[in-house]
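In: Sequence first, then the predicted structure, then my questions.
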Amino acid sequence: MCGIAGFINFQNSVELAEKANEIQKHRGPDYQGTWNDDYVALAHQRLSIIDLSERSNQPLEKNELVIVFNGEIYNYKELKKQLIEKNSKISFTSTSDTEVVLEYYRYFQEEALQYFRGMFAFAIYDKNTKKLFAARDHFGIKPFFYTQIGKSFAFSSELKTLTILPGFDHSINADGLVNAINYLWLPSDKTIFNACYKLNPGHYLSYEENGSYEIKKYFDLDNRNNITSDESKIIENLDSCLKDSISHHLIADVPVSAFLSGGLDSSFISVLAKKQLKSLSTYTIGTNSNDKKIEKMPADEKYAKKLAEKFNFDHNEIIIEPDILELLPKIVYHLDEPIGDPAAINTFLICEAASKKGVKVLLSGMGADEIFLGYRRQKALLFALKYRRLPNQLKKIIKLFINSLPVKFFGRGFRFARWSKKFISFAELPLSEAYRMSYSYYSKDELLELFDGKFKHEIEVLRDSHKMLFENKELDDIENKMCFTDINMFMEGLNLTYSDRASMACSVEVRVPFIDKEVVKYAMNIPGHLKFKNRESKYILKKVAEKYLPKDIIYRPKASFGAPIRSWISGELKPLVDELLSVENIERRGFFNPVYIQKLIENDRRGIEDNAYRIYQLLTLEIWCKQFLDTK
């Protein structure tokens with residue numbers, strides 16, 4: 001796992017490459033290299049995981065091609081063997097996956113992408129044609145930002161690297177801002193700056209010497225195949241598919257460790273990984289008792305500890321008691337864009353603790369909720385279909401009761417009230433709109449009031465783009481419609497984004513076996529009724545897990561990978577909220593209606609509404625503005 005950057009046709013390209021190595025050094029502390037000719041300069045920051053020798057340092061130049069590569073190709077050994085069988089004249093100078101990527105591109109050009117199984121973002125420069133070829137993995141596990149300034153072009157693993165470019169446009173992208181506020185994150189096709197872009201997952205980019213470039217899609221999850229309807233056979237096949245993925249994700253020349261929340265997904269990954277490893281270190285995060293009271297958070301730590309004892313993990317427990325006032329600006333800086341989900345803090349703290357113990361690789365259970373239907377909001381939409389059939393008078397009584405409930409009283413949070421108020425806010429909307437609202441933090445009218453009537457078009461686009469995804473014509477059941485939407489929006493836009501940026505800030509690689517090309521393709525061909533059955537979310541995955549895990553782990557109440565945000569907003573962060581979200585400060589920034597923001601804060605403090613995440617995102621945005629806009 002590494003960081004990459006490249007600069008084409010800048011007067012100071014070499015200097016920019018050197019600066020990129022400084023800015024992104026946390027992504028690759030083991031070695032920082034540059035390569036240049038009179039047209040392009042490439043930079044690479046290496047975190048040594050496969051082939052630890054100097055021969056695998058990058059940029060890697062070989063026979064007129066130069067590559068900078070970030071990620072892992074888990075099937076590189078098989079691919080290397082197959083390529084040698086096709087062409088015995090090919091020789092390799094290292095045992096790295098990077099060189100395999102380079103030679104596959106030389107042999108197959110863009111068709112090489114069809115062979116790769118892994119997570120990656122890379123660029124290959126042809127010295128003869130002066131063409132640059134770049135690609136991003138199937139689901140956006142690894143990042144790739146790019147921008148064009150006049151006749152110059154640049155790319156990088158982190159957005160902050162591009163903001164130093166001479167002539168970089170720092171104007172805010174209205175679509176990106178509206179998305180960031182509504183969802184707390186930005187979908188894969190948006191950035192927060194007008195003139196900067198992300199290469200979408202499953203796409204490649206070809207840049208020509210004349211300054212033109214072309215982007216094409218190479219991977220499509222829309223295609224569905226008929227698989228057996230036999231539940232027992234699906235369980236058997238899924239079991240085999242998941243074991244194969246986990247086996248591939250263990251390939252490394254350094255020890256591999258794992259996140260362990262004590263929930264189904266991370267427990268499944270950890271137990272199957274341990275079956276193939278002599279030992280496995282695991283890392284769990286917990287909260288103090290006061291934070292649990294306000295958040296009503298389940299005690300993940302006890303489940304993780306129980307599992308660790310049963311399977312003999314080398315277990316490490318981290319209790320969250322950070323100096324949030326000191327940590328928050330650091331997190332905002334590393335996240336690059338205004339992302340208001342405090343789960344990034346958990347990832348950062350776990351990875352920081354693991355890194356101090358010499359850990360470079362952590363396995364994660366991320367992705368299972370998206371592909372197997374594990375989120376509460378997914379379950380809530382299915383329940384909404386039943387709620388709609390209730391008599392109108394009964395629904396009216398239910399709404400009156402729920403709306404009267406406080407979300408917090410005498411410092412104690414009420415999770416039922418939070419969930420119930422959210423549920424009735426979307427339960428009777430059209431399906432695509434209901435699902436979008438289930439993880440939106442504002443209604444259309446609220447967004448218009450928050451933005452003081454601005455960005456009406458962008459607010460409409462936000463709704464329409466979600467509808468196009470949700471109403472995918474190839475999906476014939478609501479369960480897979482939700483899964484498909486989450487894979488293409490929530491998983492890449494939030495979970496993979498904060499996971500990469502927060503972990504790499506600590507020089508730790510996070511691997512996600514559930515977000516494997518073969519696993520996701522198979523999962524998306526499983527009928528929806530086997531993902532939610534007998535009122536059980538992730539039914540089919542749980543049936544596989546019964547072979548390996550105790551049932552009290554498999555069927556325990558779901559816990560989110562969250563931080564005690566409500567406790568922080570009402571406690572340590574309260575003075576910062578009053579300072580940064582004051583009427584004067586909001587008016588000066590010019591994005592929002594300051595009166596509306598004051599109402600959000602007041603209603604949250606009175607326990608009338610649960611606005612903690614809204615307030616946290618507004619706070620995050622203002623800190624981001626101070627770091628990335630006010631210093632320019």
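Out: Arrived safely. Numbers count the residues shown, from 1 in each chain.

In: For the stretch 51-200 of the chain, which segments count as helices?
Out: 76-86, 97-108, 159-162, 174-183 (DSSP state H, counting those that start in this stretch).

In: residues making contact with the second one?
Out: Read that as helix 97-108. By Cβ atoms under 8 Å, 6 or more residues apart in numbering, the surrounding residues in contact with helix 97-108 are 50, 56, 58, 60, 62-63, 65, 67, 69, 72-73, 76, 79-80, 83, 86-87, 90, 92-93, 112, 114-116, 118, 120, 122, 124, 133. C-beta here means a position set from N, CA and C on the backbone, and glycine is covered the same way.

In: Any of these buried? List them.
Out: Among the contacts of helix 97-108, those classed as buried by 16 or more other Cβ atoms under 10 Å are 50, 56, 58, 60, 65, 67, 69, 72-73, 76, 79-80, 83, 112, 115-116, 118, 120, 122, 124, 133.

In: In strands, which of those appear?
Out: Secondary structure defined by DSSP state E assigns 60, 65, 67, 69, 72-73, 118, 120, 122, 124, 133 of the buried ones among the contacts of helix 97-108 to strands.

In: would you turn those into TSV with distance to K454 and pLDDT?
Out: Shown next, in TSV, are those (distance: Cβ to Cβ, whole Å; pLDDT from 0 to 100):
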residue	distance to K454	pLDDT
L60	48	97
L65	48	98
I67	44	98
F69	42	98
E72	43	97
I73	45	98
G118	42	97
F120	39	98
F122	39	98
I124	42	98
F133	40	98
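
In: Adding distance to E572, write those residues out as a markdown table.
Out: Converted to a markdown table, those look like this (distance: Cβ to Cβ, whole Å):
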| residue | distance to E572 |
| --- | --- |
| L60 | 46 |
| L65 | 52 |
| I67 | 45 |
| F69 | 41 |
| E72 | 38 |
| I73 | 43 |
| G118 | 40 |
| F120 | 39 |
| F122 | 41 |
| I124 | 47 |
| F133 | 48 |
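
In: Can you tell me which of the residues you listed is closest to E22?
Out: Top of the list for closeness to E22, among those and by Cβ to Cβ, is F69 at 20.0 Å.

In: Quick check, the closest one in contact with F116.
Out: No. In this structure, F69 is not within contact of F116 by Cβ atoms under 8 Å, at 10.9 Å.

In: What would stretch 221-239 look like as PDB? C-alpha coordinates only.
Out: Extracted in PDB, the C-alpha atoms of stretch 221-239 (Å, rounded to 0.1, in the frame of the first residue of the first chain):
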ATOM      1  CA  LEU A 221     -21.700  -4.800 -11.800                       C
ATOM      2  CA  ASP A 222     -25.000  -4.500 -13.600                       C
ATOM      3  CA  ASN A 223     -24.700  -7.800 -15.400                       C
ATOM      4  CA  ARG A 224     -26.600 -10.500 -13.500                       C
ATOM      5  CA  ASN A 225     -26.400 -14.300 -14.100                       C
ATOM      6  CA  ASN A 226     -28.700 -17.000 -13.100                       C
ATOM      7  CA  ILE A 227     -27.400 -19.000 -10.200                       C
ATOM      8  CA  THR A 228     -29.000 -22.000  -8.500                       C
ATOM      9  CA  SER A 229     -32.100 -21.500  -6.400                       C
ATOM     10  CA  ASP A 230     -31.100 -24.200  -4.000                       C
ATOM     11  CA  GLU A 231     -30.400 -22.500  -0.700                       C
ATOM     12  CA  SER A 232     -28.000 -25.200   0.500                       C
ATOM     13  CA  LYS A 233     -26.000 -25.000  -2.700                       C
ATOM     14  CA  ILE A 234     -25.800 -21.200  -2.400                       C
ATOM     15  CA  ILE A 235     -24.500 -21.500   1.100                       C
ATOM     16  CA  GLU A 236     -21.900 -24.000   0.000                       C
ATOM     17  CA  ASN A 237     -20.800 -21.800  -3.000                       C
ATOM     18  CA  LEU A 238     -20.700 -18.700  -0.900                       C
ATOM     19  CA  ASP A 239     -18.600 -20.400   1.800                       C
END
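
In: Show me what it is in contact with.
Out: So stretch 221-239 is contacted by 138, 202, 472, 474-475, 484, 487-488, 520-527, 530, 540-541, 543-544, 547 (Cβ under 8 Å, 6+ apart).
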